[in-house]
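A.B. asks: Sequence and predicted structure, then a few things I'm wondering about:
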Amino acid sequence: MPKLPDGSEKGLRGHAEERGVRARIGMAPRAGHIDRDAAYKRIATEEAWTFPDLVKAQLAYLDSGEAHDDSLRMAGMFASMPRLQDMLQDLGELRLAHMDEYGIDRQLLLLTSPGVQVVRPGEGTALARQANDIAADACARHPDRFSALAAFDPRDVPGSVTEIERAMATLGLNGAVLNSHFQGHYLDEAAYWPILEALEAHDAALYIHPTAPFNAPHYKDRGFFGALGGFPHDVWLHTMGLIFSGAFDRFPRLRLVIGHLGECLPLHLYRFDWMQDNADGVPGLRGGQPAVKLKHPVSHYFHHNIWITTSGVGWEPAIKFCMEVMGPERVLYAMDYPYQQSSDEVAAYDRLSISAEHKKMLMEGNARRVFNLPA
C-alpha cells in the first residue's frame, strides 16, 4: 500500500474502509476522494520545475535594466514567492510527498516558464545544458517517478540542435519544452526550422508551454496577463503559426503537445477549416514571404500532429468534448504542479463517465506513447 507523506499507511487504509462502506450503502465517493486502487497509473505531463542558477541569471538580467521583456518580469515575480520556489526547485522528497498525497505515479518535468530563453543572449544554451543534466539526474535517482523534457534556447539555433541531440541520444530525455515566444519570435519563422528538423529526427515531441504574451500592456491593463488571457493566446498564436507556415507539411512526423485543453483551439476546428483561406496561400505574410499553401485542412494537423493535455482543466464536459473531436488517443492528463493542485481535481478524473479503456489512455497510455515513457 502506498504511504502518505508522513510515511504512514493508516490514512490510506481508512480511505479504503470508508470507500467500501459508502459503496455498500449506495453513496458516491467524497468530492476529494482519490481512488488509491485505480486501474491506471496517473502520469502528469505538465509539471514545472526550475533551479537556482537559472533564477539567478533571470534576476541578474532583470535587475540590470537592459531587457524590456514581460516574460522576464514574470520570472522576477515568481522568484519573489519563496513557497513556490521551494516546490519548483525540489526534485526529491517534497515533490514526491506531494505526488503521493495526490496519487500521482509519475511526473513529466518541464522547465518552468519563462525558462532559458529570457536570460542574456549567449547564456541560454549553457543553462539549458545544466537544466537537462539536473533533470536527467533526477530521473536516474527516481526512475519510477520522474521523466523529463529537454530545455533549449531557440535564439541559438545550432546550440539548440546540438542540445536536443544530446538530450535525446545521451541523456535519454523524453522530448523538449519551449516556453512559447522568445522576445516576440516564434518557431514558425524559417530561421528556426533546423530545431523542428532535429526534433522530428529524434522522434522528440515538442511541448509548447505558455509565457507572458509579447507586447502585453493591453493584457496587463485588464488583468489578463496570465492564465485568463495572455498565456493561452500566445500559445494559440504559436500553434496556428506553425500550422499555417507549412511546418507540419515539411516535417510530417513532428509531434506538438499543448496544454490547458489545447488552449481552447479544439473548440474552433470547424471554424478554422471554414476560414482557412484567410491565411492559406496568401502572399506577403511573415514579413513579405511567398505564399504558403497547406496540403490539408487545419483540422488535419490536430488529428495527426497535435496532442493536448488537460493541465488546469479538470472539467468533465470539456475533457469529453476534446476526446470526441480530437480522438481519445490525443488527450493526456496533466496537473500543472505546483501552480494548480487539488485532490478534488484528481478525484474528478477518477469519476469521469468514460470507458475504462479511454480513462486508462487519458491518465497513462497516451503519455507513454507520445513521450516514449517506460512501460
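C.D. replies: Thanks, I have it.

A.B. asks: what about residue 348, how many residues close to it?
C.D. replies: 16 (other Cβ atoms under 10 Å). From N, CA and C alone the C-beta is placed, and that goes for glycine too.

A.B. asks: typo on my end, it should be residue 340
C.D. replies: Neighbour count for residue 340, taken as other Cβ under 10 Å: 16.

A.B. asks: distance of it from residue 247?
C.D. replies: To residue 247, residue 340 is 30 Å away according to Cβ to Cβ, to the nearest Å.

A.B. asks: ok, now residue 261?
C.D. replies: 22 Å.

A.B. asks: What ranges does the chain have for its strands?
C.D. replies: With strands called from DSSP state E, the chain shows them at 43-49, 106-111, 146-148, 150-151, 176-178, 206-208, 256-258, 306-309, 331-332.

A.B. asks: Quick check: which of those strands is buried the most?
C.D. replies: Of all the strands of the chain, strand 150-151 has the most neighbours on average by mean count of other Cβ atoms under 10 Å, namely a mean of 30.

A.B. asks: So in this structure, which helix runs the longest?
C.D. replies: Using DSSP state H, we find that the single longest helix of the chain is helix 124-141.

A.B. asks: what does that one contact?
C.D. replies: Here helix 124-141 makes contact (Cβ atoms under 8 Å, 6 or more residues apart in numbering) with 49, 51, 53-54, 57, 91-92, 109, 111, 116-117, 119, 146-153, 155-156, 159-160, 163, 166-167, 171-173.

A.B. asks: how about residue 333, what does it touch?
C.D. replies: Residue 333 neighbours (Cβ under 8 Å, 6+ apart): 42, 43, 44, 45, 309, 310, 349, 362, 363, 364, 367.

A.B. asks: In space, what's closest to it - neighbours in sequence excluded?
C.D. replies: Nearest in space to residue 333, with sequence neighbours left out and distances taken as Cβ to Cβ, 6 or more residues apart in numbering, is residue 363 at 4.8 Å.

A.B. asks: again, but for residue 320
C.D. replies: Closest residue to residue 320 apart from its sequence neighbours, by Cβ to Cβ, 6+ apart: residue 354 at 6.6 Å.

A.B. asks: What about that neighbour, how many residues nearby?
C.D. replies: Residues near residue 354, counting by other Cβ under 10 Å: 16.

A.B. asks: Roughly how far does it sit from residue 168?
C.D. replies: To residue 168, residue 354 is 33 Å away according to Cβ to Cβ.

A.B. asks: so what's the closest residue to residue 315 other than its chain neighbours scoring on pLDDT?
C.D. replies: In space, residue 315 comes closest to residue 348 once its chain neighbours are excluded; the distance is 7.7 Å by Cβ to Cβ, 6+ apart. Looking at residue 348, its pLDDT stands at 95.

A.B. asks: From what I see, residue 348 and residue 316 are in contact.
C.D. replies: Yes - using Cβ atoms under 8 Å, residue 348 is in contact with residue 316, at 6.8 Å.

A.B. asks: what sits against residue 148?
C.D. replies: Taking Cβ under 8 Å, 6+ apart, one finds 108, 109, 110, 132, 135, 136, 138, 139, 173, 174 in contact with residue 148.

A.B. asks: For residue 203, see how far away residue 173 is.
C.D. replies: Residue 173 is 12 Å from residue 203, by Cβ to Cβ.

A.B. asks: The two: who's more crowded?
C.D. replies: Remark: of residue 173 and residue 203, residue 173 carries more neighbours, 26 against 12, as counted by other Cβ under 10 Å.

A.B. asks: and the gap between that one and residue 139?
C.D. replies: 8 Å.

A.B. asks: now swap in residue 53 and tell me
C.D. replies: As defined by Cβ to Cβ, residue 53 lies at a distance of 19 Å from residue 139.

A.B. asks: if you count what's nearby, which of the two comes out ahead?
C.D. replies: residue 139 (20 against 15).

A.B. asks: mind checking pLDDT for the more buried one?
C.D. replies: For residue 139, pLDDT reads 98.

A.B. asks: Who is the residue nearest to it when sequence neighbours are not counted paired with across the strands?
C.D. replies: With Cβ to Cβ, 6+ apart as the criterion, residue 139 has its nearest non-adjacent residue at 4.8 Å, and that residue is residue 146. Bridge pairing for residue 146 (DSSP bridges) gives the partners residue 107.

A.B. asks: close enough to count as contact, residue 146 and residue 91?
C.D. replies: Yes - using Cβ under 8 Å, residue 146 is in contact with residue 91, at 7.1 Å.

A.B. asks: Need the residues touching each of the two.
C.D. replies: Both residue 146 and residue 91 are contacted by 109, 135, 138, under the criterion Cβ under 8 Å, 6+ apart.

A.B. asks: Can you report how many residues lie near the last one?
C.D. replies: By other Cβ under 10 Å, the residues close to residue 138 number 21.

A.B. asks: mind checking how far it is from residue 128?
C.D. replies: Residue 138 is 16 Å from residue 128, where distance means Cβ to Cβ.

A.B. asks: swap in the second one?
C.D. replies: From residue 135 across to residue 128, the span is 10 Å (Cβ to Cβ).

A.B. asks: So the two - more neighbours on which side?
C.D. replies: Each of residue 135 and residue 128 has its neighbours counted (other Cβ under 10 Å); residue 128 has more, 29 against 26.
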